[in-house]
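S.K.: sequence first, then the predicted structure, then my questions.
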Amino acid sequence: MTEKITGGELVVRTLAALGVDRVFGVPGGQTLAITDAIIDHPGIEFVTARHEGAAAVMADAHGRLTGRPGVCLATTGPGATNLLTGVGGALRDSSPALI
């Protein structure tokens, strides 16, 4: 019998395979399946930020300091738009970040 997993679990397994140990973000409706799977995964910690822009900067800093991919998560629309400044900084400086 084949194992059935959710899309969120598949994302988290992929992140774990890439060496991700923390995800920074603001929980929201569109990302709850991923957030729930992160919380259930023993090797990845979800760090809640108060603003998506802060989550992007935290992921950038984490990547720079540890050498592991820094990851941030936001909802669609304004949540994703708020990531732009942090994403731009990470891209400009070639930080190991998945945003």
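M.R.: Ah, there it is.
S.K.: need the contact partners of stretch 61-72.
M.R.: 15, 18-25, 49, 52, 55-56, 58-60, 83, 86, 90, 93, 95-99 (Cβ atoms under 8 Å, 6 or more residues apart in numbering). To be clear about C-beta, it is placed using only N, CA and C from the backbone, and glycine gets the same treatment.
S.K.: can you tell me which of those are in helices?
M.R.: Among the contacts of stretch 61-72, DSSP state H puts L15, E52, A55, A56, M58, A59, D60, G86, A90 in helices.
S.K.: need those residues in CSV (columns: neighbour count and distance to L73).
M.R.: Below are the ones in helices among the contacts of stretch 61-72 laid out as CSV (neighbours: other Cβ atoms under 10 Å; distance: Cβ to Cβ, whole Å):
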residue, neighbour count, distance to L73
L15, 23, 10
E52, 25, 9
A55, 27, 7
A56, 28, 10
M58, 20, 11
A59, 31, 9
D60, 25, 14
G86, 26, 12
A90, 24, 14
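S.K.: now render these as a markdown table, adding distance to I44.
M.R.: Shown next, in a markdown table, are those (distance: Cβ to Cβ, whole Å):
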| residue | distance to I44 |
| --- | --- |
| L15 | 6 |
| E52 | 19 |
| A55 | 15 |
| A56 | 18 |
| M58 | 15 |
| A59 | 13 |
| D60 | 18 |
| G86 | 20 |
| A90 | 19 |
